[in-house]
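K.L.:
requesting a structural model of the entry that follows:
(one chain, ligands or ions: 1)
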Amino acid sequence: MRKQIAAANWKMNLSQKEAENLLDQLLASDFNLSENQSAIFAVPAIYIPLAIQKFAGKQHMFVAAQNCHQKTNGAYTGEIAASMYETVGVKHIVLGHSERREYFNESDALLAEKTEAVLAIGSTPIFCCGEPLEIREAGTQNSFVEAQLKNALFQLSAEQIVRVVIAYEPIWAIGTGKTATSAQAQEIHAYIRSVFAAQYGQSIAEQISILYGGSVKAANANEIFSQPDVDGGLVGGASLIATEFAAIINALK
Ligand code: PGA
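P.N.:
Next up is the predicted model:
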């Protein structure tokens, strides 16, 4: 059974006090997550020790990083290696978010390196893909996303690819309040799975969790997550509100 995941992406938000309050409010809920469900919190790097401490002893709840450098160490002022996150207990790393692709010029080739760096230390990449509005309007989203996956991930072995979590996030739905319909999400998630099946075989493709991201909230999480090829969500805005994100965690299949 594929992992079902509710992942929070706090982006560059919240003061330390606000971060602590949000974590405390969330921890007041009893999520009762099962073996194949996880709640993952990609908090700003500086709040990672705080979040790790708060989640200590909590089953199926993990702290994640929002990015990492592709090298293991060296003269890269201001950067953090995947292995450094691993040493403090962070084993999930979001890679290739559209904001990083756009504002920090992250290319598919760079993301291939980052993905390999994360896998090399035994951690889990949460690899983001998704098309801009003009591609959706032209109806070429499938081939656009397919190219992102091929260029960044197809050098991986079958043993490696099953350890990658995919987050499909149409850029036109991120932070806009405009969610893809559940039918649109299902359609492209199924397509993404077929792309992996063609390269790695059906049984490998069936094991890959594919999350949907883009204006997921408590009010639409149930419907989106109920789609057969949607294995949870990557959530920005609504992950900053405890009651919203708690409901999204509870919407996992
Ligand atoms: P949003 O962001 O939920 O605010 O649309 C999602 C994301 O960017 O991961």
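
K.L.:
alpha carbons only for contacts and neighbour counts from here, please
P.N.:
Fine.

K.L.:
next helix or strand past whatever helix or strand residue 110 lives in?
P.N.:
Taking DSSP states H and E as the criterion, residue 110 maps to helix 108-120. Downstream of helix 108-120, the next assigned helix or strand under DSSP H and E is strand 124-129.

K.L.:
give me the residues contacting the helix or strand of the chain with the lowest mean pLDDT.
P.N.:
Lowest by mean pLDDT, DSSP states H and E among the helices and strands of the chain is helix 133-138, with a mean of 95. With Cα atoms under 8 Å, 6 or more residues apart in numbering as the test, helix 133-138 has contacts from 141, 144, 170-172.

K.L.:
can I get those in CSV with distance to residue 226, neighbour count and secondary structure?
P.N.:
Shown next, in CSV, are those (distance: Cα to Cα, whole Å; neighbours: other Cα atoms under 10 Å; DSSP: H, G, I helix; E, B strand; the rest coil):
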residue, distance to residue 226, neighbour count, secondary structure
141, 22, 19, helix
144, 25, 16, helix
170, 19, 26, coil
171, 22, 19, helix
172, 22, 20, helix
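
K.L.:
where does the stretch 151-253 of the chain come near the ligand, residue by residue?
P.N.:
173-175, 213-216, 234-237 (Cα under 6 Å from any ligand atom).

K.L.:
go again with 5 Å.
P.N.:
174-175, 214-215, 235-237 (Cα under 5 Å from any ligand atom).

K.L.:
neighbour-wise, which of those leads?
P.N.:
residue 235 (29 neighbours; other Cα atoms under 10 Å).

K.L.:
hey, what's that one bridged with?
P.N.:
For residue 235, the beta-bridge partners are residue 8 (DSSP bridges).

K.L.:
if I look at it, how far off is residue 6?
P.N.:
8 Å (Cα to Cα, to the nearest Å).

K.L.:
for the residue nearest to the spatial centre of the chain, give its distance to the ligand.
P.N.:
Nearest to the geometric centre of the chain sits residue 126, at 4.3 Å (Cα atoms, centre = their mean). Distance, residue 126 to the ligand, using Cα to the nearest ligand atom, to the nearest Å: 11 Å.

K.L.:
stretch 207-225: how far from the chain's middle?
P.N.:
Computed by Cα atoms, centre = their mean, to the nearest Å, the separation of stretch 207-225 from the middle of its chain amounts to 11 Å.
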